[in-house]
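Visitor: starting from these lines, generate the structure:
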Amino acid sequence: MEKSLFNIVNEHTLESSIFFDFSGVSKTFSGHASGPLKRSHYLLHFVLEGQGTYFTMNHKYTLKAGDFFLIRPDETIFYQADLNNPWHYAWISIGGTETAQLIENFSPFRNHHDTFSCATVENYLKLIVESLTLTSHRPQTELRLNQIASEILLLLMKENTWNVVEHQNATIRPMSEYTKLSLAYINNNFTYDTSITDIADAIKINRSYLSRLFRRDVGISPKNFYYDFVLTKLANYFKQPSYQLIKFPKRLVLAILLFSATHLQSSSMKHLVHIENEEVSIVSKNNTH
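Guide: Now for the predicted structure:
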């Protein structure tokens, strides 16, 4: 779970070679995970406080305040807050034909780097905070948001990239293929009452061995990850302005309620739960009359 502020431009009226897509700031709970996921555009995160772990398909990075990490378009990634000191981070997604050229050739992320450290995070944060105030649907607002995206890229290009130190805490050992398959299975089946045995059977691996691999790669048990993943999905549904109706098996919802009752009291999780027979329907409170 996480508490977030964000701004999204759903429809662009201006043509631009560098354009703002969305931005936000999040304060996460212990162990909160995002992914596995892919993005359509470049998505830059920078850590403000706390710690977390960023997984690409080939590396694992332990990150702290002042660290940046990049999600490239169409790359499958996963990231998770530290259990004891969960991170607080900001992000911005930038699209456009020139964005890839600037990031891949003239920023600290050139030569396929995924992360770097920066001592002037506040310069980036000021721009993100401004972007969160620009919510009107006017061409001049969109123009300023596109300028903010360009200014973020300019800051990246001004970094002293020749002195960027490679992260010594980057684990070269890639994430286990079984862990990747487990994450994909959870992502595709989260509305079912899925057990660890179900996952192990689906990917043809011993349940105990899968649990050991998963905990080694992700840092928590598959069951706790699954419950947190469902909670995160629910929170994201409730942030949407349109009507939402999600059906879950009753046993799963009751297990999650027991697992994290306090998380469900979050302001982003105002909801109605209707139990009928063995099925639970959860709908957005703002859209019930």
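
Visitor: OK, contacts around L44?
Guide: By CB atoms under 8 Å, 6 or more residues apart in numbering, the contact list for L44 reads 68-71, 91-94, 152, 156. Heads up, the C-betas are built off the backbone N, CA and C, glycines and all.

Visitor: what's across from it in the sheet?
Guide: Beta-bridge partners of L44, counted by DSSP bridges, are L70, I92.

Visitor: would you turn the contacts of L44 into a markdown table with pLDDT?
Guide: Output for the contacts of L44, formatted as a markdown table (pLDDT from 0 to 100):
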| residue | pLDDT |
| --- | --- |
| F68 | 95 |
| F69 | 95 |
| L70 | 96 |
| I71 | 96 |
| W91 | 95 |
| I92 | 97 |
| S93 | 96 |
| I94 | 97 |
| I152 | 97 |
| L156 | 94 |
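
Visitor: out of these, which comes closest to R215?
Guide: F69 (22.4 Å; CB to CB).

Visitor: and the closest one, how many neighbours?
Guide: 24 (other CB atoms under 10 Å).

Visitor: can you redo the contacts of L44 as a markdown table with distance to S17?
Guide: Listed next are those as a markdown table, based on distance: CB to CB, whole Å:
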| residue | distance to S17 |
| --- | --- |
| F68 | 23 |
| F69 | 24 |
| L70 | 19 |
| I71 | 20 |
| W91 | 21 |
| I92 | 17 |
| S93 | 16 |
| I94 | 11 |
| I152 | 15 |
| L156 | 16 |
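
Visitor: for those residues, which one is nearest F19?
Guide: Compare each of those with F19 using CB to CB and the shortest gap goes to I94, at 7.1 Å.

Visitor: so what's that closest one up against?
Guide: With CB under 8 Å, 6+ apart, I94 has these contacts: 18-21, 41-42, 44, 149, 152-153.

Visitor: let's see the pLDDT reported for the residue lying closest to A119 once chain neighbours are set aside.
Guide: Of all residues not flanking A119 in the chain, G66 sits nearest, at 6.6 Å (CB to CB, 6 or more residues apart in numbering). You'll see G66 listed with a pLDDT of 94.

Visitor: how about G66, phi and psi?
Guide: Dihedral pair for G66: phi 100, psi -10, per degrees, to the nearest 10.

Visitor: now the strands: where do they sit in the stretch 101-250 of the chain?
Guide: With strands called from DSSP state E, counting those that start in this stretch, the stretch 101-250 of the chain shows them at 115-117, 245-249.

Visitor: spatially central residue in this protein, please.
Guide: By CA atoms, centre = their mean, the chain has its centre lying nearest to S34, at 3.9 Å.

Visitor: report the beta-bridge partners for it.
Guide: Under the criterion DSSP bridges, S34 forms beta bridges with Y79.

Visitor: any idea how far E122 lies from T179?
Guide: Distance of E122 to T179, computed by CB to CB, to the nearest Å: 36 Å.

Visitor: identify the farthest-apart pair in the contacts of I94.
Guide: Put simply, by CB to CB the two of those set farthest apart are F19 and L44, 14.2 Å from each other.

Visitor: returning to what we had before: how about the contacts of I94 in CSV, adding distance to Y185?
Guide: Converted to CSV, the contacts of I94 look like this (distance: CB to CB, whole Å):
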residue, distance to Y185
I18, 37
F19, 35
F20, 34
D21, 29
H41, 27
Y42, 28
L44, 29
A149, 35
I152, 35
L153, 37
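
Visitor: ok, and the most crowded of those residues?
Guide: For the contacts of I94, the largest number of neighbours (other CB under 10 Å) sits with F20, at 29 neighbours.

Visitor: excluding covalently adjacent residues, which one is nearest to it?
Guide: Spatial nearest neighbour of F20, chain neighbours left out: L145 (3.7 Å); criterion: CB to CB, 6+ apart.

Visitor: my understanding was that that neighbour contacts L134; is that so?
Guide: Yes - applying CB atoms under 8 Å, one finds L145 in contact with L134, separated by 5.6 Å.

Visitor: neighbour-wise, which of these two wins?
Guide: The neighbour comparison of L145 against L134 (other CB under 10 Å) goes to L145, with 25 against 18.
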